[in-house]
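Give me a model of this one.
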Amino acid sequence: MTLLITVIAAVISTILWYNRKNNDMQLHVLMFMFWGASIMWFVDAIFEYAELRAEYFTPALEDMINDTFLGFSVIALALVIWIIFILIKDPKGVIRHSLSN
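Presented below is the predicted three-dimensional model:
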């Protein structure tokens, strides 16, 4: 479930990045974070499948709920990191302008 959630976020951020004419929102940073998380969860799924075999495809409801919460937590953390990155980078100069006045 975590892999599915991060792949959906990665695809959405990639579409937003691709359709954006300018790079003022630094969407490439968000896109790379989501794709990196997707690759990480994919490798985790491979190793978990190697360990569990057929049991991998029949997870308990509690495990699915935990994976869902973990997936949304990863999305939230990536968004927080991206917002902090934008505030530090200040691509439109809003913070710099407000501090200079």
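
Ignoring the adjacent residues along the chain, who's closest to the residue most central in space within the chain?
For the chain, the residue sitting closest to the mean C-alpha position, by Cα atoms, centre = their mean, is F34 at 3.1 Å. Counting by Cβ to Cβ, 6 or more residues apart in numbering, F34 lies nearest to A10, which is 3.7 Å off, once chain neighbours are set aside. C-betas here are computed from N, CA, C, even on glycine.

and that neighbour, how many residues sit next to it?
21 (other Cβ atoms under 10 Å).

need the contact list for it.
M31, F34, W35, A37, S38 (Cβ atoms under 8 Å, 6 or more residues apart in numbering).

buried stuff in the host helix or strand of the second one?
With the criterion set as DSSP states H and E, the secondary-structure element containing F34 is helix 27-52. Within helix 27-52, the residues scored as buried using 16 or more other Cβ atoms under 10 Å are L27, V29, L30, M31, M33, F34, W35, A37, S38, W41.

So what touches stretch 22-38?
Contacts of stretch 22-38 (Cβ under 8 Å, 6+ apart): 3, 6-7, 9-10, 13-14, 16-17, 20, 74-75, 78-79, 81-82, 85-86, 89, 91-92.

Report the buried members of these.
Of the contacts of stretch 22-38, these count as buried by 16+ other Cβ under 10 Å: 3, 6-7, 9-10, 13-14, 17, 74-75, 78, 82, 86.

Of the residues you listed, which belong to helices?
Per DSSP state H, helices hold the following members of those: 3, 6-7, 9-10, 13-14, 17, 74-75, 78, 82, 86.

Now for G71, how many residues are close by?
So G71, with other Cβ under 10 Å, has 21 neighbours.
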